[in-house]
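Colleague: no sequence on this one, just coordinates:
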Ligand SMILES: Cc1ncc(COP(=O)(O)O)c(C=O)c1O
């Protein structure tokens with residue numbers, strides 16, 4: 001029998017295991033920062049109607065450029081953006097992969113400030129881009145000075161900034177984004193997957209797009225829009241960036257079903273986004289309550305919270321799972337991450353934590 005080790009796989013893939021959080025059938029799943037609320041019935045009905053309209057035309061390829069969807073995404077983002085400033089794909093992971101295919105690749109480098117979203121280095125592996133793990137400071141913060149010094153030292157072709165940052169939860173100070181944009185020679189990608197959950201007064205890098213043609217802001221419908229299963233992520237940038245990405249995208253990469261479902265979801269944006277406030281309430285409750293347990297808890301602008309410090313976070317993860325609560329061990333020694341779910345889910349999580357501690 002042939003095993004993976006026998007195949008002439010690329011050297012940099014040898015010994016790797018596929019990325020992915022455990023998908024376990026437990027009562028309380030708080031490990032992948034999904035939105036715990038199912039789609040409201042009227043929205044689900046609107047999606048079903050939109051999908052049934054396209055079913056008869058599945059004999060044809062979809063709109064290669066997803067123009068109508070990109071128009072709707074631009075309207076949602078505002079900031080004077082048009083369809084030509086946006087691009088969509090199967091999740092923001094695919095958008096970022098396309099950016100690396102266009103602007104990274106063999107002989108090029110991408111830099112990110114760790115700990116951050118672990119898919120950024122993995123997308124680099126897949127695209128043959130060399131990854132540079134720059135550092136955050138104590139308490140995972142990042143000052144403009146520290147960020148600029150590391151960009152200057154490594155002079156990367158791409159910089160990934162993540163705001164709010166996964167897994168720490170805190171948004172970047174706007175000065176950091178501005179300082180990196182001034183210093184960086186190459187593309188600057190600001191991953192704003194969790195932007196809708198940010199605390200009041202947190203600006204978006206979308207504000208900076210008119211002045212910076214090498215800035216790309218990536219967003220997703222997987223989190224605030226409760227559309228993780230639909231797989232739609234998107235970017236906002238100068239139209240020339242969109243043209244560059246179109247050079248590497250597969251033809252017809254976004255199915256007609258996905259495009260129609262995403263447009264129907266966007267038409268019901270207020271109904272879908274109505275869960276955001278309830279999720280933020282649970283997030284703030286987790287932060288406050290875990291602190292009363294004597295734990296260290298990072299400030300969060302996202303729909304999740306990083307908490308610690310444990311001598312053995314894997315043992316705490318296991319003990320929570322034994323109580324029917326699945327959280328995430330992100331591989332950061334001493335820390336665990338929990339998604340802000342419904343109030344009933346957070347009741348269960350906090351009760352389990354009390355027992356475990
Ligand atoms: C920071 C960050 N960016 C991007 C994504 C990917 O989202 P998707 O591919 O579902 O759009 C995630 C998912 O957890 C994330 O945490």
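Modeller: Arrived safely, thanks for sending. Just so we're clear, the structure is a prediction, and the values are computed from it rather than from any experiment.
Colleague: residue 15 and residue 125, how far apart?
Modeller: According to CB to CB, to the nearest Å, residue 15 and residue 125 sit 12 Å apart. All C-beta spots, glycine's among them, are computed from the backbone N, C-alpha and C.
Colleague: same check on residue 312?
Modeller: Taking CB to CB, one finds residue 312 at 29 Å from residue 125.
Colleague: check residue 230 too.
Modeller: Counting by CB to CB, the gap from residue 230 to residue 125 is 26 Å.
Colleague: what sits up against stretch 64-80?
Modeller: Here stretch 64-80 makes contact (CB atoms under 8 Å, 6 or more residues apart in numbering) with 81-83, 85-88, 206-207, 209-210, 219, 232, 234, 236, 246, 251-252, 254, 259, 262-263, 266-267, 269.
Colleague: which residues touch residue 95?
Modeller: Residue 95 neighbours (CB under 8 Å, 6+ apart): 87-89, 218, 233-235, 245.
Colleague: can you pick the most crowded of those?
Modeller: Neighbour tally across the contacts of residue 95 (other CB atoms under 10 Å): the maximum, 30 neighbours, falls on residue 87.
Colleague: show me what that one is bridged to.
Modeller: residue 235 (DSSP bridges).
Colleague: surely it meets residue 244?
Modeller: No. Taking contacts as CB atoms under 8 Å, residue 87 lies outside contact range of residue 244: 9.7 Å.
Colleague: neighbour count for residue 230 and residue 125, which is higher?
Modeller: Remark: of residue 230 and residue 125, residue 230 carries more neighbours, 19 against 16, as counted by other CB under 10 Å.
Colleague: quick one, what contacts that one?
Modeller: 221-222, 258, 261-262, 265 are the contacts of residue 230 under CB under 8 Å, 6+ apart.
Colleague: now with 6 Å, please.
Modeller: residue 261 (CB atoms under 6 Å, 6 or more residues apart in numbering).
Colleague: and it, backbone torsions?
Modeller: Backbone geometry at residue 230, expressed as degrees, to the nearest 10, gives phi -80, psi -20.
Colleague: tell me the pLDDT of it.
Modeller: The per-residue pLDDT reported for residue 230 equals 97.
Colleague: before we move on, what about residue 22?
Modeller: 85.
Colleague: so it: helix, strand or coil?
Modeller: coil (DSSP: H, G, I helix; E, B strand; the rest coil).
Colleague: count of neighbours near it?
Modeller: For residue 22, using other CB under 10 Å, the count is 13.
Colleague: again, but for the one 3 residues further on
Modeller: Residue 25 is flanked by 6 other residues according to other CB under 10 Å.
Colleague: same question, residue 152
Modeller: 11.
Colleague: skip the chain neighbours and tell me the closest residue to it.
Modeller: Using CB to CB, 6 or more residues apart in numbering and skipping the chain neighbours, the partner closest in space to residue 152 is residue 183 (6.0 Å).
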